[in-house]
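A.B. asks: Next comes the sequence, and after it the predicted model I'd like to discuss.
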Amino acid sequence: MAGVAGRLARLRCSGALSSPLQVTRFPALQLHLCGPAMRASQKDFENATNQVKLLKKDPGNEVKLKLYALYKQATEGPCNVPKPGVLDFINKAKWDAWNALGSLPKETARHNYVDLVASLSASSESSIQVTPAADRKQPGSDALVVTSQDGITTITLNRPDKKNALTTQMYHDIMLALEAAGKDDSAITVLTGNGDYYCSGNDLTNFTDIPPGGVEEKARSGAVLLRDFVDCFIDFPKPLVAVVNGPAVGISVTILGLFDIVYATDRATFHTPFSHLGQSPEGCSSYTFPKMMGPSKATEMLVFGKKLTAREACTQGLVTEVFPDSTFQKEVWVRLKAYSKLPPNAMRISKQVIRNTEKEKLHAINAEESNILRERWLSDECMNAVVSFLSKKAKL
Ligand SMILES: CCCC/C=C/CC(=O)SCCNC(=O)CCNC(=O)[C@H](O)C(C)(C)COP(=O)(O)OP(=O)(O)OC[C@H]1O[C@@H](n2cnc3c(N)ncnc32)[C@H](O)[C@@H]1OP(=O)(O)O
């Protein structure tokens, strides 16, 4: 664990790459008053440092770095600490942001910080005041878009620049969206992705947001989140369709075994590189994959990380039907619109007849997989893989 702890210390970020609250956890949080003439703007600055803790929406890494740099400049002046090593990438990103402010006067940095926080607070307020269509509670960030039309509720992963990698916030938002979709008046629910990827799986930067309880607490809460997330798919009461618009990785592949239909473009691939990442299968795939494709094909995917083409995945029973990429969207949506006109209660009851016999077993498997992963996340193998990816040394 010593090696892991050392790497985590480097990975650990007090704001630049983690939750909005952590913006406030930079070391020099206490302000030093600059004298009577500066009191008004100093007060604004103090208010702004408090306001930043209340932001409802994660402002993103770029903005967090700006906030960090302006805070340091405002409180300590120009960057005066040695440049961190290249592998200490998080502290280096923070150092770069601070150093980029050059000799910007403290007072200007303070004003810029106050302005930036004000603009973030305003956009955070306006995003929660929007009245959602069809009484739906909107997700907490733009990374998930939920729409309802023609009897279909569509949940779209919307982080195309990050290949729709799933942040912690997105897991929570997907759970809320599924809960609402399960109760709304649509007949069918669809999960899909925006951009060239369906989903690149768990966002590996989730691992850098270490809570005060340390890595053990992080692994524990991650396992609870994973179990709750997968439980929502096990329990989803009406037909659930994956419209796989591009490559799929990790948890976005494993949970496909819990969907009722999986339509894929011929550009899609299906990749579960758990051993490469020092991890183990989740999403009930340790049960659903061997059941659908036999233990040896499941082992090739889940243990050896074999990437399947859409056609191979269809042959193995993971995908229902593959469509040419050029006509994928059109063909799939025509099909789904026709299905959504079928009597919704009959569809729901038929799904439950098909799925309910396995529910209890699936919940037990999900709990077991989540527990095992909790241990894996604390392993050197896993931590090395995450560090390699985040330091841009490794890709799948
Ligand atoms: C609490 C529940 C936990 C459940 C656990 C689940 C387990 C899993 O899901 S394991 C799978 C984890 N996923 C990965 O390991 C994928 C990592 N990503 C890659 O290997 C590659 O990015 C790619 C093969 C998916 C795509 O490569 P490509 O060259 O086409 O694009 P990139 O330039 O690499 O990506 C663009 C952009 O997106 C960022 N990104 C992509 N995937 C992830 C990810 N999973 N986590 C974090 N960030 C990701 C990538 O870093 C790039 O960002 P920048 O533009 O800022 O460099």
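C.D. replies: Structure received.
A.B. asks: any idea of the mean pLDDT in stretch 250-258?
C.D. replies: What stretch 250-258 shows for mean pLDDT is 98.
A.B. asks: before we move on, what about stretch 325-343?
C.D. replies: The model assigns stretch 325-343 a mean pLDDT of 98.
A.B. asks: swap in stretch 218-233?
C.D. replies: pLDDT averaged over stretch 218-233 gives 97.
A.B. asks: buried ones in that stretch?
C.D. replies: If you call a residue buried by 16 or more other C-beta atoms under 10 Å, then stretch 218-233 has these buried ones: 218-219, 222-223, 225-227, 229-233. The way it works is simple: take the backbone N, C-alpha and C, and place the C-beta from them, glycine included.
A.B. asks: Which of those residues fall in strands?
C.D. replies: In strands, judged by DSSP state E, none of these are found.
A.B. asks: could you dump the residues you listed to JSON lines with distance to the ligand?
C.D. replies: Converted to JSON lines, those look like this (distance: C-beta to the nearest ligand atom, whole Å):
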{"residue": "Lys218", "distance to the ligand": "10"}
{"residue": "Ala219", "distance to the ligand": "10"}
{"residue": "Gly222", "distance to the ligand": "4"}
{"residue": "Ala223", "distance to the ligand": "8"}
{"residue": "Leu225", "distance to the ligand": "4"}
{"residue": "Leu226", "distance to the ligand": "4"}
{"residue": "Arg227", "distance to the ligand": "9"}
{"residue": "Phe229", "distance to the ligand": "6"}
{"residue": "Val230", "distance to the ligand": "9"}
{"residue": "Asp231", "distance to the ligand": "12"}
{"residue": "Cys232", "distance to the ligand": "12"}
{"residue": "Phe233", "distance to the ligand": "13"}
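A.B. asks: could you pull out the helices for the chain?
C.D. replies: Residue ranges of the helices in the chain, as given by DSSP state H, are 2-11, 39-51, 61-76, 89-99, 106-129, 168-183, 214-234, 251-254, 285-293, 295-302, 310-315, 328-339, 344-377, 380-390.
A.B. asks: Of these, flag the one that's most buried.
C.D. replies: When you average the neighbours per residue for each of those (mean count of other C-beta atoms under 10 Å), helix 251-254 leads with a mean of 27.
A.B. asks: Is any residue of it near the ligand?
C.D. replies: Yes. For helix 251-254, a contact with the ligand is found by C-beta under 6 Å from any ligand atom, at Ile251.
A.B. asks: so how far is that helix off the chain centroid?
C.D. replies: Its chain's C-alpha centre and that of helix 251-254 lie 13 Å apart, by C-alpha atoms, centre = their mean, to the nearest Å.
A.B. asks: ok, residues contacting it?
C.D. replies: 164, 166, 198-202, 226, 270-272, 281-285, 288-289, 318 (C-beta atoms under 8 Å, 6 or more residues apart in numbering).
A.B. asks: And stretch 300-312, by the same measure?
C.D. replies: So stretch 300-312 is in contact with 244, 264-276, 281, 285-286, 289, 293, 316, 318-319, 322, going by C-beta under 8 Å, 6+ apart.
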